[in-house]
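> Give me the fold of what follows.
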Amino acid sequence: MLIADDEVRDHANSEKALKLSKQWQENGYIVISMKDDFKTIYGDSVKKTDFNF
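Numbering: from 1, shown residues only. All right, here's what the predicted structure looks like:
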């Protein structure tokens, strides 16, 4: 399972990501972290922008 935990490069919710990561690991899933397991997420020229719903 891919966890969106990189607040610098993506829109993440660290509290939710940590909760889900623990839950998924307890259920036998392999958790992949956007923050820890990827050198780049979208490429060097892509920048995070704020958005509102």
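
> What average pLDDT does stretch 27-40 get?
Stretch 27-40 shows a mean pLDDT of 93.

> got a list of contacts for it?
Residues outside stretch 27-40 that contact it (CB atoms under 8 Å, 6 or more residues apart in numbering): 1-10, 12, 21, 24-25, 41. Glycine gets a C-beta too; all of them are placed from N, C-alpha and C.

> In ChimeraX, select just the buried ones from those.
This is the ChimeraX syntax for the buried subset of those, where burial follows 16 or more other CB atoms under 10 Å:
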select :3,4,5,6,12,21
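
> Can you tell me the SS state at residue 24?
helix (DSSP: H, G, I helix; E, B strand; the rest coil).

> Residue 37 - how many residues pack around it?
Applying other CB atoms under 10 Å, we find 12 residues neighbouring residue 37.

> wait, I meant residue 46
Residue 46: 10 surrounding residues under other CB under 10 Å.

> from here on, count from 442
Okay, residue one is now 442; in that scheme the one you just asked about reads as residue 487.

> Just the element for it, please.
For residue 487, there is no enclosing helix or strand under DSSP states H and E.

> what's the answer for residue 477, then?
helix 475-478.

> residues of that helix that come out buried?
For helix 475-478, by 16+ other CB under 10 Å, it's 475-476.

> next one: it to chain centre, how far?
Averaging C-alpha positions (CA atoms, centre = their mean, to the nearest Å) puts helix 475-478 7 Å from its chain's average.

> Spell out the residue ranges of the helices in the protein.
Taking DSSP state H as the criterion, the chain carries its helices at 455-467, 475-478.

> Could you export the last one as CSV, keeping only the C-alpha atoms?
Taking C-alpha atoms only, helix 475-478 is exported to CSV below (Å, rounded to 0.1, in the frame of the first residue of the first chain):
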residue,chain,number,x,y,z
MET,A,475,6.2,8.5,-0.5
LYS,A,476,8.5,10.4,1.9
ASP,A,477,11.0,7.7,2.7
ASP,A,478,11.0,5.3,-0.3
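
> All good on my end, thank you.
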